[in-house]
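1. compute the structure for the input listed below.
(4 chains, ligands or ions: 4)
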Amino acid sequence: MEQILTPEGTLIADSPLGVDDVRRLYRSMVAARLFDRKSVALQMQGRLATYAPFEGQEAAQVGSAAAMRSDDWMVATYRDAAAMWMQGYPWESLFLWRSGDERGGRPPDDVPVLPPSITVGAHMLHAVGLSWAAKLQGRDTASVTYFGDGATSEGDFHEAMNFASVYSTGTVFVCQNNGYAISMPTDRQTSSDTIAQKADAYGMPGVLVDGNDLLAMYDATSVALARARAGDGPTLIEALTYRIGPHTTNDDPGRYRQRREEDEWRLKDPIERVRRYLEAMGVWDPAWQAEIENVESEVIESAVGQAEAVESQDLEMMFGGMFETPTQNLIAQRELMRPHLEGE
Amino acid sequence: MEQILTPEGTLIADSPLGVDDVRRLYRSMVAARLFDRKSVALQMQGRLATYAPFEGQEAAQVGSAAAMRSDDWMVATYRDAAAMWMQGYPWESLFLWRSGDERGGRPPDDVPVLPPSITVGAHMLHAVGLSWAAKLQGRDTASVTYFGDGATSEGDFHEAMNFASVYSTGTVFVCQNNGYAISMPTDRQTSSDTIAQKADAYGMPGVLVDGNDLLAMYDATSVALARARAGDGPTLIEALTYRIGPHTTNDDPGRYRQRREEDEWRLKDPIERVRRYLEAMGVWDPAWQAEIENVESEVIESAVGQAEAVESQDLEMMFGGMFETPTQNLIAQRELMRPHLEGE
Amino acid sequence: MVVMNLAEAIGSGLDDALSNDDRVVLLGEDVGRNGGVFRVSSGLQERHGENRVIDTPVAESGIVGTAVGLAIGGMRPIVEIQFMGFSYPAFDQIASHVARMRNRSRHRFTVPMVIRLPYGGGIGAAEHHSESNEAIYVNTPGLKVVVPSTPYDAKGLLTSAVADPDPVIFLEPIRLYRAVKEEVPGEPFDVPIGQARIIQAGEDVTIITYGAMTKECRAAAQQLDTEGVSAEVIDVRTLVPLDVETLVTSVTKTGRAVVVNEAARTGGYAAEIVAQLQHEVLFSLEAPVERVTGWDTVFPLKKTESYYLPSVARIVAAARTTLEA
Amino acid sequence: MVVMNLAEAIGSGLDDALSNDDRVVLLGEDVGRNGGVFRVSSGLQERHGENRVIDTPVAESGIVGTAVGLAIGGMRPIVEIQFMGFSYPAFDQIASHVARMRNRSRHRFTVPMVIRLPYGGGIGAAEHHSESNEAIYVNTPGLKVVVPSTPYDAKGLLTSAVADPDPVIFLEPIRLYRAVKEEVPGEPFDVPIGQARIIQAGEDVTIITYGAMTKECRAAAQQLDTEGVSAEVIDVRTLVPLDVETLVTSVTKTGRAVVVNEAARTGGYAAEIVAQLQHEVLFSLEAPVERVTGWDTVFPLKKTESYYLPSVARIVAAARTTLEA
Ligand SMILES: Cc1ncc(C[n+]2csc(CCOP(=O)(O)OP(=O)(O)O)c2C)c(N)n1
Ligand SMILES: Cc1ncc(C[n+]2csc(CCOP(=O)(O)OP(=O)(O)O)c2C)c(N)n1
Ligand SMILES: [Mg+2]
Ligand SMILES: [Mg+2]
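-> Numbering: from 1, shown residues only, chains lettered A, B, ... in the order given. Ligands and ions are numbered 1, 2, ... in the order given. A predicted model of the protein is given here:
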C-alpha cells in the first residue's frame, strides 16, 4: 500500500508537495469537513433531503482532486462533494442539489464536473467517454471518476475498465474503498484481496493507496494523470479509507458494524495526520486553525444562504428541462398542470 | 498454456485418459464435426435457419464436457452443440431448434442442459445460480458454462465471476477464445494478455489451456470440477482455439480476416492431432474411421429425419408456452387468432 | 389478526414463505443484516440464517441472473431490488430470461421467482428513487405484475406471488409502507393474482388506479361526494393479467372513467386500461376516458414533486371533466 | 437522386453525417470492418477511418455509456446496437442517463446521441432478434423515438436525428432493409421529427401504423379497396412526440380506426395511440378503435412467426369489424 505520511504525521517518503501546498490542501480538507457536518446538521433540521456524509474520506477526495488540471473532467458520486468542490463545483450548488432542486445539478459553465451520480456504477462509463472524446479531439484532457467498493460489483465498472483500456483513454479510476456498501463489508462484496488487483484483468496498472494519506493520494493521482496525458491509458487507484458516519442520514450503522471498528479508524483520521505533520513543520497552530475554520464556516454559511435564497422553480423549469426545445406535448402538459398549481 | 498433446499428436505430459477413452472421445469429435457440417449443408438448403458452426472447437467442447458428471448442469451458447450433445442434449433437438421450432429448446427430462443461449453473457449467471442452488441443497452438483471471448466484455461476465467467487459456487467457466467475436479480434476486445488472467480479479484460479487439445481440456475441466465438488469454488478456463468457419451462415469472414490465418489454424486441427496419437498407439486405421463416420452419419441423418417429421406446432403451443396455466388474456388472444390461421 | 403496516405485512409474508418452504430464499442488497433499506426484511436473516436471507453484492443483473439459476435449480427465489430505478441494469435478465425460460424450454425449465420492486414517488427522495416505470414490465410477455395498496393485499398478494409457478413482478408503493395500518392475518392467506378490488362503490364515475395513488383517489372520491358526485374507486391490484371484467362492469354502469397512475403519461399503463375500456364499452361512454398521470418529464426532486404527482385536485378535476362532457 | 433501399439510405445518411460534421462518430459491434451485420455501414470505416467508425467490444451498456461521455465531451455519437433485443443491457444507461443528463444538469450537459436499433420480426431469426419492445423507450421521458418505413424517410429522419440536440432512438425495421427501393437525394435533407405521413388517403376507416407494418397495412388497404372500402393509411413515423393532429383529423373524418403494430399487445405503443384517439375524437367514433398487434407471447421462432405477426388478413378483418359496429 502506497503511503507517504503515516497516521502519526511522519513522512516516510519524499513529499510530492511543498509545505505551502500541503497547508492549502489541509485547509481544503478542513473546509470539506465543515461542509459535511453542516450538511448533516441541515438535514436533521429538514433543510436538506437525505445526505451521504464523507467524513473520513477527505484525503482520498481532496488529495486526488488536487492533482487535476482545471480542465480535467470529474465524474463522481453522491458522496464526493469534497472532490467536486475542489474541481470548482460550488458549495451552494451542492446544497441546492441536496435540498431537492435540480438547479443544483448545473455547475458554472467553466466547471468540468458532472452532477453527482446517484446510480452506482453507470457514471464511470461517462468518464471514459469524456476522456475518449478529448483523445479523439487531439487534446490531453483527462477524466477522473470516483466510485466506491460496492460499485466495483456492477457490470458497468467492468465495461468501463475494459473500454478505457481497449481505447487507451486518459481515465483515472479512483475507487474509495471505504469498507462498506451500505451494510455490506468489502470482503463480502468481492473475493479478491484488493480492488487494485482487478486492474490486471484489463492490462491496466492498479495501485493500492492509503486513502487517508493526502500526500499518497495526491502522488498516485498525479502519476496516473501524467500517464493519461502522455496517452498511455487509464489507471485504477484503490484508496483504502473508511466512512466514519452512516451511509446516509437515513442509515443506522449500528445494524451492521461495531463501534470499535469506527474508533480504530478515527485514529487514522486523514485531517489529523496532516495537522501533526504541519505542526511538526512549524506551520500549524491553534490560532491559524481557528482562523481557517472561521473563514471557511462563513463561506459555507453564505453558500447555504445563497442556496436557500433561490426562488422556487416554476413549471417552465420542469417541463422545459427535458429537451432543448420543449415538444408540443410537453407544452400541452404544462398547460394542463398550470391551473392546479395554486391548489397544492 | 496447458498442453498435453501437441498438434503433431505427441504426448508431452501424462494422459489423463486411457487410450479407450481417448478413442471414444475421438469418435465423439468426429460425430460432432459431422453434425456441424450437416447443419451447414441443411442451412444452405433452407432446411435450417441461421447456423453457427463450431468447426475447429471440437476438442474444447468435447474434452471439457467429457469431464462432467451426468448430473452436472451445462449452460452454453448457440455455438456449443457438441458440448451440449456430450451432456445428453439430442441431435434431433438441436436440429429442431435450429429449424425454428421452440420444442427444440426442451431437452429430455434427465438432461441437465439449458437451451442454447443466444444473448451473449447473460447465461453465465444462470450457471452460477444452478451450482449455488445445489450448494444450498447440500449436493455437490457442479455447473459448467461455455462462452466466447466476446462475452467476457459484457457486464454479466463480471457479475457472474464475482457472484461465483463471493458465494464460492461450484461453477466452471469455460471461455472458448476462438479469436473473434463476429468480426472483432480478441486483442481488440480486451487489453489483457490472456482471458485466464481475468480470474485474478475475483480471487479465482484461471488457467490457459490449449483449446485444441482434447486431453488438456479434459484435464483442466476435471481439475476444476474436482475443486467445485470439494466446495473450493469456481474456476475460469480459457480454451485457446479458433473458429474455422464463419460466425454464422450469414457471415463472411473474408471481410475481417486473412485466409492465411485460417490455414495456420487448420494445421492445429483438434481432431487430426488425436487421430495421429491414436494411430501412433496403433488404435486407429482408415477402416475404423470409415466405420465410425458411417455409423455417426446415420445417427445424424436419423436425427434430421426425426426433427423434420415432427408435426407442426399448433396455436395452443404458442399461447400455452408462456405460463403454467395460460391467463384468460392469452386464451382470448388465441381465440382471436384462430380464424386467421387458415388464411396465411 | 395482527395490526400491521404495509412494510410489516410484506415482512410477515416473507417470514411465512421462508418458514413454510425450504426452497424459498430472499436475496438482494442489504436485505440481510440491515433488514433492507426500508426494513421490510428486518429480523429475517437472524431468524432464517444467511443461506436463506442473502446479502448480495451491488449488482442487479447479477442478483436476478443468479436467481434464474437458483429457480431452475429448484429454489424459490424472492429478489429484492432496492428501488425500481435500480432494476434497469437487470432489465435484460428479466425481459430476456426470467420472462422467457419457460417458453424457450417449452415448460422444461421454469422460473418461479418474485421480484420485489419498491416504487413510486412522494417521499422527497434523490433521483432514480421515485420511478414508476412499470410499463417496461407490462409490455414484457411472460411476467405477471401485481401492486398491493393495503397491508392485507400486500401479504395476500405476496403469498400468491411466491406460490405462483411463474415469475411475478411485485411492486411495493414506497409511500404507503408506513402510511396505514390494518388487521392482517398472522398466518398465510391468498389474495389471488388477477382480481381487481372495488374500494368504494359509486354511480357517476369510475376512478381506476393502483398502488400509492389509491390514497389520492379515495380522497378525490370523498371530495366529489361533498359535491354530490358518487365515484366508484377501483384498485386494479394486478396490472398483468388485468381484471378487465370488473372495470367493464363498473364503467358500463357509470359511463365515465378516470384512470390514475403516477407513471409518465406517454405509453404508461393507464393507456392500456383506456385502450381496453374504449374497446369494451365505447357505446356506454358518456365522455372520453380521462387520464391523470405523471408527466412526460423526469420525476422531479423533492421540492417540485407536487408539480408531477397526480393530486387530489387533478383527479377531482378530471372526474368533473367527464361529468361535464 | 439515387435509387436506394432502406439499408442503403441509412448508410447514405450516416456517410453524410460523418462527412459533414467532424464531431460525428459511429460506434457499435461490428460496424466497422464488417460494415454492420446488416451491412448498413459498409465501407464507412474505410472512408472515414477507425476513429470515426468504431468497432466496439461486445458490451451494450459500455457502448451507450461511453457514448454519453463522448456526447457531453462534444462529439455526436451515433450508436448502433446490433438488434433491439440486445439493447436491454443498455437500458439503464439509456433510461437513467441518456434521457436525463440534460434535465439533471439543467441544460448544462446534453446528450445529442442517436441510438440505432434494428427491430422487428419476419425474417425467421433466432430468439431475441425479432423484438419490438419500443414501449420501454416510449415511456422514458427525455427520448424521441422515430421509425422510418421508406428509404426516403430513413435518410431524412436520420439526418434530423443526428442534427437533433437531444437523444433520438432510431428504429430500423429489419424486414424492410432490402424490401423496397426508391429514389433518395444523394445530398442531406430532413424529414422532420414529429410528423406523421398519410400513405394513402381514404374515407371509411383509418389504419394507423409504423415501421415494417406499413407494408401489411398498404396491402390490407388494397384488399379493402377491392371490397369497396376506402382506407386511409397513416405512417406515424415518430412515436415520440406523436403527431396527434394528423391522426385526429383523419379519424374525425373516417370515424373508424385500426391501430397496427407488431409489439406485444398489452402495454404496447398501440395502446397509447388508442388512448389519445378516444380522448380527442370519442364522439366521432362509429366503432371502438381496433388494435392489431403481436400477442402477449414471446416472439416465436421461424416456423410460427405467422402465428404472431399482424397479417393482412387480420388487419382487413379488424377494419371490417369497425365497419360493422
Ligand atoms: C444501480 C444502483 N443500485 C443500487 C443503488 C442503491 N445504493 C446506493 S449507494 C449503495 C452502496 C454503494 O456502495 P459503494 O459503491 O461502496 O459506495 P459508498 O456508498 O460506500 O460510498 C447502494 C447499493 C444505487 N444507487 N444504484
Ligand atoms: C447481448 C448480446 N449482444 C450482441 C449479440 C450479437 N452477437 C451474437 S454472437 C456475437 C459475438 C460473440 O462473440 P464470442 O463471445 O467470442 O462468441 P463466438 O461467437 O466467437 O463463439 C455477438 C456480438 C448478442 N447475441 N447478444
Ligand atoms: Mg463503500
Ligand atoms: Mg469468439
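
2. just give me the neighbour total for residue C:221.
-> Each residue near residue C:221 was counted by other CB atoms under 10 Å in any protein chain shown, and the total is 23. From N, CA and C alone the C-beta is placed, and that goes for glycine too.

3. and it, how far is that from chain D?
-> Note on residue C:221: its distance to chain D, by CB to the nearest CB, to the nearest Å, is 22 Å.

4. report the contact partners of that residue.
-> Residue C:221 sits next to C:200, C:202, C:207, C:231, C:233 when contact means CB atoms under 8 Å, 6 or more residues apart in numbering or on different chains.

5. tell me the secondary structure for it?
-> helix (DSSP: H, G, I helix; E, B strand; the rest coil).

6. returning to what we had before: among the contacts of residue C:221, which one has the most neighbours?
-> Across the contacts of residue C:221, neighbour numbers were computed from other CB under 10 Å; residue C:207 holds the maximum, 34 neighbours.

7. okay, and it sits in which element?
-> If you go by DSSP states H and E, residue C:207 is part of strand C:205-209.

8. check residue A:337 too.
-> helix A:328-337.

9. and if you look at residue C:194?
-> Counting by DSSP H and E, residue C:194 is part of no helix or strand.

10. list the contacts of residue 296.
-> Because you didn't say which chain, this covers chain A. Contacts for residue A:296 were tallied using CB under 8 Å, 6+ apart; they are A:27, A:30, A:31, A:34.

11. look at chain C instead
-> A:322, A:329, A:330, A:333, C:264, C:265, C:266, D:141.

12. and for residue C:23?
-> C:74, C:75, C:76.

13. hmm, try it at 6 Å
-> Taking CB atoms under 6 Å, 6 or more residues apart in numbering or on different chains, we find residue C:23 in contact with C:75, C:76.

14. mean confidence score for stretch A:285-293?
-> The average pLDDT for stretch A:285-293 rounds to 98.

15. what do you get for stretch C:154-168?
-> 98.

16. hmm, that stretch touching chain B?
-> Yes - judged by CB under 6 Å from any CB of the partner chain, stretch C:154-168 comes into contact with chain B through C:165, C:166.

17. for that stretch, the distance to its chain's centre please.
-> The chain centroid and the centroid of stretch C:154-168 are separated by 12 Å, computed with CA atoms, centre = their mean, to the nearest Å.

18. could you pull out the buried residues of that stretch?
-> Residues of stretch C:154-168 classed as buried: C:154-164, C:166-168 (neighbour count, 16 or more other CB atoms under 10 Å in any protein chain shown).

19. quick one: which of the residues you listed sit in helices?
-> The helices, defined by DSSP state H, take in C:154, C:155, C:156, C:157, C:158, C:159, C:160, C:161, C:162, C:163 from these.

20. tell me which of those residues is nearest to residue C:250?
-> residue C:157 (20.9 Å; CB to CB).

21. coming back round to it: near chain B too, which of the contacts of residue A:296?
-> With CB under 6 Å from any CB as the criterion, the contacts of residue A:296 include none near chain B.

22. restricted to strands, list the residues you listed.
-> The strands, defined by DSSP state E, take in nothing from these.

23. helix, strand or coil for residue 50?
-> Looking at chain A here, since you left the chain open. coil.

24. actually chain C
-> Residue C:50 - assigned by three-state DSSP - is coil.

25. gap between the nearest residue to it once chain neighbours are set aside and residue D:34?
-> Take residue C:50 and drop its neighbours on the chain: the residue closest to it by CB to CB, 6 or more residues apart in numbering or on different chains is residue C:32, 6.6 Å away. Counting by CB to CB, to the nearest Å, the gap from residue C:32 to residue D:34 is 47 Å.

26. pLDDT below threshold where in chain A?
-> Residue ranges of chain A with pLDDT under 70: A:342-344.

27. the helices in it, which residues?
-> Taking DSSP H as the test, the helices found in chain A are A:19-44, A:58-66, A:81-86, A:91-98, A:123-136, A:155-166, A:186-189, A:214-229, A:259-266, A:270-280, A:286-309, A:315-320, A:328-337.

28. which of these sits closest to ligand 1?
-> Nearest to ligand 1 among the helices of chain A is helix A:186-189; the distance by CB to the nearest ligand atom comes to 7.4 Å.

29. what parts of chain A come near chain D?
-> So chain A meets chain D at A:102-103, A:105-106, A:115, A:119, A:122, A:125-126, A:128-130, A:133, A:136, A:156, A:159, A:162-163, A:321-324, A:327, A:329 (CB under 6 Å from any CB).

30. again with the stretch 1-150 of chain C
-> Counting by CB under 6 Å from any CB, the stretch 1-150 of chain C sits next to chain D at C:88-89, C:91-92, C:95-96, C:100, C:103, C:135-136, C:138-139, C:141.

31. go again using 7 Å as the cut-off
-> Neighbours of chain D within the stretch 1-150 of chain C, by CB under 7 Å from any CB of the partner chain: C:85, C:88-89, C:91-92, C:95-96, C:100, C:103-104, C:127-128, C:133, C:135-136, C:138-139, C:141-142.

32. which of those are buried? Put it as a PyMOL command.
-> Applying 16+ other CB under 10 Å to the residues of the stretch 1-150 of chain C next to chain D, the buried members can be selected in PyMOL as follows:
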select buried, chain C and resi 85+88+89+91+92+95+96+100+103+104+127+128+133+135+136+138+139+141+142
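
33. inside helices: which ones of the residues of the stretch 1-150 of chain C next to chain D?
-> Using DSSP H, those in helices are C:91, C:92, C:103, C:104, C:135, C:136, C:138.

34. JSON lines please, covering these and showing distance to residue C:301.
-> Conversion of these to JSON lines gives the following (distance: CB to CB, whole Å):
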{"residue": "C:91", "distance to residue C:301": "24"}
{"residue": "C:92", "distance to residue C:301": "28"}
{"residue": "C:103", "distance to residue C:301": "41"}
{"residue": "C:104", "distance to residue C:301": "41"}
{"residue": "C:135", "distance to residue C:301": "22"}
{"residue": "C:136", "distance to residue C:301": "22"}
{"residue": "C:138", "distance to residue C:301": "26"}
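
35. burial count for the nearest residue to residue A:53 once chain neighbours are set aside?
-> Counting by CB to CB, 6+ apart, residue A:53 lies nearest to residue A:245, which is 3.8 Å off, once chain neighbours are set aside. By other CB under 10 Å, 19 other residues sit near residue A:245.

36. just to check, residue A:245 is in contact with residue A:55?
-> Yes - counting by CB atoms under 7 Å, residue A:245 touches residue A:55, with 5.0 Å between them.

37. which one of the residues in chain C is closest to chain B?
-> Across chain C, the shortest distance to chain B (CB to the nearest CB) belongs to residue C:69, at 1.9 Å.

38. quick check: closest non-adjacent residue to the most centrally placed residue in chain A.
-> Geometric centre of chain A, nearest residue: residue A:80, 2.2 Å, by CA atoms, centre = their mean. Excluding the flanking residues, the one nearest residue A:80 by CB to CB, 6+ apart is residue A:146, at 4.6 Å.

39. any idea what the one you found is bridged to?
-> residue A:174 (DSSP bridges).

40. how close does it sit to ligand 1?
-> For residue A:146, the distance to ligand 1 equals 9 Å [CB to the nearest ligand atom, to the nearest Å].
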